[in-house]
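Novice: this one's sequence-less:
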């Protein structure tokens, strides 16, 4: 239904040479993306109920003050949390434990801001997924970023695409969430030795609960978006699933099939949330000069530059320290079954369920393609 709405009602607007048609096309595609976000929530609500349990950092960079937390947690008259009054233009990063990580992260964006950010989520995917029938076509229309996993070409594609997205979001004053998993893959029996080998190569200790992050993609992403969105934020999540033991592999306990086919959902998704101001808190490097376009850049939107080596190293060090903190935080959780410490406040619990009855129909785009097919058949008869 979602993809059918894209094809039948909105894609034809793309070829019309009018400003209003382009605007309606973009709004329509955002609506279908929001419908998909509602569908993710509805799948949890109907088949695999769970909740987000969010704890906030209260010290150091990335912190929230108690006054901030009181202001950003929005409750209804019954006292239930209905939204989080967080900034709506941000890059979201997280550790990667199970295949459903992106699913629950997208669900979180539904609760950010008064109307949610789930209509404005962007992710990167393998280029081979681009032409999968229905799913791949729909993801193309969602304006997702497809990469060939060859950094020589991918960095141009990534920077150009993100620069255009950031520019449009700022000009139209729309939200933007770019979701990225710096580890690149799940923690597993196969990937753990690779992380250990990389740690040995650069002469550092390997981490226990997470993989060593790859900083290059995030660094280029922030440098592409930051000049276009001056108040860009970075939201960092540390995610833990109950029942997964220390040094265990989450995918051995929670798979997409077990969660949504067998109803074996994690009773809660424990999230430790930090937020950084990209310009002030993160060493992305000097962005004051005019960016140097990479050869072959497809448009003037490209912000790709040859980053000086010392700036790469500074960001890489910052990234490893962030992941070291994440690893220590997870170890503390495993020892105490809580994120609770003097630097944390929470948890705030948010059940994964839709807030408005109309969104049950939104999740299927109001069955519009089915209605169109039915009327078409009646007319032909």
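Specialist: Right, received. Where do you want to start? Note that the coordinates shown come from a computational prediction; the quantities given were computed from them, not determined experimentally.

Novice: which secondary structure elements does the one helix or strand residue 379 maps to sit against?
Specialist: According to DSSP states H and E, residue 379 maps onto helix 368-380. Helices and strands touching helix 368-380, by 3 or more C-beta pairs under 8 Å, 6 or more residues apart in numbering; DSSP states H and E, are helix 2-5. Glycine gets a C-beta too; all of them are placed from N, C-alpha and C.

Novice: the helix it packs on - what's its average pLDDT?
Specialist: Throughout helix 2-5, pLDDT has a mean value of 93.

Novice: for stretch 368-381, same thing?
Specialist: Averaging pLDDT along stretch 368-381 yields 79.

Novice: start the count at 58 instead of 1 going forward.
Specialist: Shifting the count to begin at 58 puts that one at stretch 425-438.

Novice: so for it, what gets flagged as buried?
Specialist: 425-426 (16 or more other C-beta atoms under 10 Å).

Novice: centre of the chain to that stretch, how far?
Specialist: 37 Å (C-alpha atoms, centre = their mean, to the nearest Å).

Novice: circling back: which residues does the helix holding residue 436 contact?
Specialist: 58, 61-62, 64-66 (C-beta atoms under 8 Å, 6 or more residues apart in numbering).

Novice: in ChimeraX, select just the buried ones from these.
Specialist: Selection of buried members from the contacts of helix 425-437 for ChimeraX, criterion 16+ other C-beta under 10 Å:
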select :58,61,62,66
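
Novice: so which of the contacts of helix 425-437 comes closest to residue 119?
Specialist: Distances from residue 119 to the contacts of helix 425-437, taken as C-beta to C-beta, are shortest for residue 62 (38.7 Å).

Novice: got the phi and psi for residue 266?
Specialist: Per-residue torsions, residue 266: phi -110, psi -10 (degrees, to the nearest 10).

Novice: not counting its neighbours along the chain, what's nearest it?
Specialist: In this structure, residue 266 finds its nearest non-sequential neighbour in residue 387, 4.2 Å apart by C-beta to C-beta, 6 or more residues apart in numbering.

Novice: could you dump the contacts of helix 425-437 to TSV with distance to residue 144?
Specialist: Below are the contacts of helix 425-437 laid out as TSV (distance: C-beta to C-beta, whole Å):
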residue	distance to residue 144
58	32
61	34
62	30
64	34
65	35
66	32
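
Novice: count the residues that sit near residue 277.
Specialist: Look at residue 277: counted by other C-beta atoms under 10 Å, it has 22 neighbours.
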